[in-house]
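Asker: Please find the sequence and the predicted model below.
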2 protein chains.
Amino acid sequence: MKAALIIIGNEILSGRTKDKNLTYLAEWLNEIGIQLYEVRVIRDDEQEIIECVNLLKNKYDYVFTTGGIGPTHDDITTASIAKAFNVELETNTTALAILKSYYKEGELNEARLKMTLLPQGAELVENPVTKAPGFKMDNVFVMAGIPSIMQGMLEGARKFLQTGSKMASRSRDIFMPESHVANELSKLQDSYPDVEIGSYPFNKDGRFGTSLVMRSIDSNKLDLCSQDLELMLKKLT
Amino acid sequence: MKAALIIIGNEILSGRTKDKNLTYLAEWLNEIGIQLYEVRVIRDDEQEIIECVNLLKNKYDYVFTTGGIGPTHDDITTASIAKAFNVELETNTTALAILKSYYKEGELNEARLKMTLLPQGAELVENPVTKAPGFKMDNVFVMAGIPSIMQGMLEGARKFLQTGSKMASRSRDIFMPESHVANELSKLQDSYPDVEIGSYPFNKDGRFGTSLVMRSIDSNKLDLCSQDLELMLKKLT
């Protein structure tokens, strides 16, 4: 099972806001056996959103979007998604009922009512934090950009998701430059085509080294690969 | 002037490594009048890299890539870029000379020599940190993923970049929910089409509010917009 994430928001691209949803989503999805395969960060631009959603929903099992579903003029994701699916926006009566019971008399102003205008056919994705729901159209999940709300919505999205095989991983830190293990590591990768072996240099409090990371959905192969890695490292030292 | 960033690396998509280059690049580019318009995070996959580079180099003035130019088997960016440009890899004699003078006798092993194999026609982008250079092909800048090295390379890339108009910004925090200002803010946006007005809810130590951010390359319009915002806020309170 493969997924893509579309992060929508000029504030991410300007550097003003640091995205925290990518890492969270990647780890959350992996726990239920879905791999994040691609991420795009795009502007609050209707045409960009439409093209990006239409392309990725056909390429991956699931697409998640974050950002742009609030009450202000710069929140254009919901309307853009409706256009991507060639449907109109309409007041979602369930969303309206949720907000009516959440807000006090008079608090449900025009701006907040905008958040009940969803694409025809949208299924609600519950928002335990601030109530205004996210939604799902086919395999596309439209969520808020604020991390706490996005994380809450993910729990609401879970019931719609088919789960796959979980990617397990092993990590081994060595205090050698990666060039010292490069050749042997390449041979190890050739022996284990079902294990994805990555090599990542690090600097931990001034000590330089390399993290060797093995990932696979086959935990037996991962164990064997891990054992062979240890043998390899013994020979090298 | 518009730019795109391609973040290449399975370790970002798995959630293992948090990207720190997006925000840094966005702010660095803005200082010299280039706006980051799009970011893609893709896997260490030759075909994905080729397609992504070829698409974005035609769409934007500049494309920056991070990741995958090290000495190990999983570093496939350089070879993929060569394929994207339909050229062969060859030993870059300048890169070779740099590494020869940096490493002691015997330290310049096969893995490190791999980092001197660059696409034909590549121009070097200096690496003040670990010496193995990044490079430029047309409008595509290929840089390391490690933030300190990437940041050093950016300084080396600067001489190749035409600068544009800097985007200035003003930010105003209010302790009201964004729905309370949404209508008036939308009118303000209509009055200032050259100013990009964004509204971002925040929670600062338990106090909820909204950051109103105005961005424009025209600082006079920004000043006027900022004054009108203050008038608007006075009326609302």
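Answerer: Received the coordinates, thanks. Residues are numbered from 1 along each chain as shown, chains lettered A, B, ... in the order given.

Asker: Point out where chain A drops to low pLDDT.
Answerer: Per-residue confidence for chain A (pLDDT under 70) gives no ranges below the cut-off.

Asker: Show me how chain A divides into domains.
Answerer: Under automatic domain parsing, the residue ranges defining each domain of chain A are A:2-160, A:168-236.

Asker: Can I get the ones you listed in CSV including mean neighbour count and distance to chain B?
Answerer: C-beta coordinates here come from the backbone N, C-alpha and C atoms, glycine included. Formatted as CSV, those follow (neighbours: other Cβ atoms under 10 Å in any protein chain shown; distance: least, Cβ to the nearest Cβ, whole Å):
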stretch, mean neighbour count, distance to chain B
domain A:2-160, 19, 3
domain A:168-236, 16, 3
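
Asker: Give me the residue at the spatial middle of chain A.
Answerer: Centroid-nearest residue in chain A, with Cα atoms, centre = their mean: residue A:25, separated by 3.7 Å.

Asker: tell me the contacts of that residue?
Answerer: A:5, A:36, A:64, A:150, A:154, B:15 (Cβ atoms under 8 Å, 6 or more residues apart in numbering or on different chains).

Asker: between the domains of chain A, which gets nearest to residue B:184?
Answerer: domain A:2-160 (10.0 Å; Cβ to Cβ).

Asker: how long is the closest one end to end?
Answerer: 15 Å (Cα to Cα, to the nearest Å).

Asker: Among the contacts of residue A:25, which are located in strands?
Answerer: Secondary structure assignment by DSSP state E places A:5, A:36, A:64 of the contacts of residue A:25 in strands.

Asker: Residue B:132: which of those is nearest?
Answerer: Nearest to residue B:132 among those, with distances taken as Cβ to Cβ, is residue A:36, at 29.2 Å.

Asker: Could I get the full set of strands for chain A?
Answerer: Under DSSP E, chain A gives strands at A:2-8, A:35-42, A:62-66, A:89-91, A:117-119, A:123-125, A:134-137, A:140-143, A:168-174, A:196-204, A:207-216.

Asker: Next, the angle strand A:35-42 makes with the third one.
Answerer: Going back to what we said before, that points to strand A:62-66. 40 degrees (axes from the mean of the first three to the mean of the last three Cα atoms, to 10 degrees).

Asker: Would you give the sheet partners of strand A:62-66, along with the direction of each?
Answerer: Sheet pairing here is set by DSSP bridges, and for strand A:62-66 it gives strand A:2-8 (parallel), strand A:140-143 (parallel).

Asker: from the middle of its chain, how far away would that strand be?
Answerer: 7 Å (Cα atoms, centre = their mean, to the nearest Å).

Asker: For it, list the C-alpha coordinates in CSV.
Answerer: C-alpha atoms of strand A:62-66 as CSV (Å, rounded to 0.1, in the frame of the first residue of the first chain):
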residue,chain,number,x,y,z
TYR,A,62,-4.1,7.0,-0.8
VAL,A,63,-3.5,10.7,-1.0
PHE,A,64,-3.5,12.9,2.1
THR,A,65,-3.6,16.7,2.0
THR,A,66,-2.8,19.1,4.8
